[in-house]
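**Student:** Okay, sequence plus prediction incoming.
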Amino acid sequence: MRVLVVNHVTLDGVLQGPGRPDEDTRDGFRHGGWAQQAANAPEITTALSERMGNRFSWLFGRRSYEDMLGHWNEVGGPFKDGLNQTTKYVASSSPDINLPWPNSILLSGDVPAAVSALREQPGGNLVIMGSGQLIRSLVPHALVDELFLMIHPVVLGSGRRLFGPT
């Protein structure tokens, strides 16, 4: 399997809260929803589908898993079924977290080693969306095969960044 990172980022590297105003308000972040309009463009949907491929699994950090699945299971729609039906690997430092959605598998302890083992298995992509802390933990171990970043012509000046100080 290959590890593919798919994320919206700003020109200044922010990936925090691209989808909704209330998505991630940590540290007083007030710019949520900055990618909302562009994220629904048919060109982006097509590019994502082509890049992710037909056979893929999700790889999330715990926070992204809880937010994304919690949101889509509440609002419904076609993305809900796709999230629930696809295998989801969830990285967490806590071995005791609850994974309430179907097809969810916990990766705890040495997460880079667990991801390295997953990469050795046959199959499609392991797709990471959101999950900045997880991405930053995998990059030093050369465990990210591709970064597919949708860079928006926006400078927010604050917020958690994909790389560098968070």
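**Tutor:** Yes, it's here.
**Student:** Against Asn54, how distant is Trp101?
**Tutor:** For Trp101, the distance to Asn54 equals 21 Å [C-beta to C-beta, to the nearest Å]. Backbone N, C-alpha and C define where each C-beta goes, glycine included.
**Student:** if you go through the protein in chain order, where are the helices?
**Tutor:** 36-39, 42-52, 62-75, 78-85, 111-119, 132-138 (DSSP state H).
**Student:** Among the ones you listed, which comes closest to Val154?
**Tutor:** Smallest distance to Val154 across the helices of the chain (C-beta to C-beta): 9.5 Å, for helix 36-39.
**Student:** got a list of contacts for that closest one?
**Tutor:** Contact with helix 36-39 is made by His8, Pro18, Gly19, Arg20, Ile44, Met150, His152, as judged by C-beta atoms under 8 Å, 6 or more residues apart in numbering.
**Student:** OK, contacts around the fifth one?
**Tutor:** Remark: with contacts taken as C-beta under 8 Å, 6+ apart, Ile44 is in contact with Ala38, Met150.
**Student:** Check it and give its pLDDT.
**Tutor:** Per-residue confidence (pLDDT) for Ile44: 78.
**Student:** again with the second one
**Tutor:** Pro18 is assigned a predicted lDDT (pLDDT) of 93.
**Student:** How much space separates it from Ser104?
**Tutor:** 23 Å.
**Student:** Between those two, which has more neighbouring residues?
**Tutor:** Taking other C-beta atoms under 10 Å, Pro18 and Ser104 do not tie; Pro18 has more neighbours (26 against 18).
**Student:** State the number of residues packed around the closest residue in space to the more buried one that isn't next to it in sequence.
**Tutor:** Closest residue in space to Pro18, ignoring its immediate chain neighbours: Ala35 at 3.6 Å, by C-beta to C-beta, 6 or more residues apart in numbering. Residue neighbour count, defined by other C-beta under 10 Å, stands at 22 for Ala35.
**Student:** I am finished for the moment; much appreciated.
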